[in-house]
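Novice: need a 3D model of the following:
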Amino acid sequence: MKTVGNIVAAILVFFGVLFIWGAFSEEGGGIGWIAVGALSSAIGLAIIWYVNRKDPAAQEHKVTYQVELSGDVNLENFQCRQCGGALSGDNVRLVGGALNVECPYCGAVYQVEEKPKW
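Specialist: Take a look at the predicted model:
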């Protein structure tokens, strides 16, 4: 829709400028051509503004990943390696395909290491 709107608007502006330019030639159409050219250009510019305006609802893209930890991870005893603060599942994020933990207390960020189960 955006591309079609921009093409139609460009055509309207182009012909609007041609009408205004033609009004000043020797065989020009006079004030009528200037009015048609100005109206055509104004409509074209309004279409360009309308199709390219930023939609506030479309600007914010919030992506939420539900992270499920594999294996037997006891979140009650999940603590930060640096400060020993209690961590929850909300502190675990998927970054670049790896599980990362961010401590809300000391700000430490580190990757979760899974130990073999056998």
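Novice: show me which residues of the helix or strand that residue 37 is a member of are buried.
Specialist: Using DSSP states H and E, residue 37 sits within helix 31-52. Neighbour-count burial for helix 31-52 flags 33-34, 36-37, 40-41, 44, 47-48 (criterion: 16 or more other C-beta atoms under 10 Å). For the C-beta atoms, the positions are set from N, CA and C on the backbone; glycine is no exception.
Novice: quick one: average pLDDT of stretch 31-43?
Specialist: If you average the pLDDT over stretch 31-43, you get 92.
Novice: could you number the chain from 737 rather than 1 from now on?
Specialist: In the new numbering, first residue 737, that becomes stretch 767-779.
Novice: from the chain's centroid, how far away is it?
Specialist: Distance, stretch centre to chain centre, for stretch 767-779: 36 Å (C-alpha atoms, centre = their mean, to the nearest Å).
Novice: before we move on, back to that, out of the buried residues of helix 767-788, who's nearest residue 790?
Specialist: Looking at the buried residues of helix 767-788 and their distance to residue 790, the nearest is residue 784, at 13.6 Å (C-beta to C-beta).
Novice: the closest one: what's its closest spatial neighbour, skipping adjacent residues?
Specialist: What sits nearest to residue 784 in space, not counting adjacent residues and going by C-beta to C-beta, 6 or more residues apart in numbering, is residue 745, at 4.4 Å.
Novice: so what's that neighbour up against?
Specialist: Applying C-beta atoms under 8 Å, 6 or more residues apart in numbering to residue 745 gives the contacts 779-781, 783-784, 787.
Novice: tell me which element residue 849 falls in.
Specialist: Short version: residue 849 belongs to no helix or strand, going by DSSP H and E.
Novice: what about it, how many residues nearby?
Specialist: Neighbours of residue 849 under the rule other C-beta atoms under 10 Å: 7.
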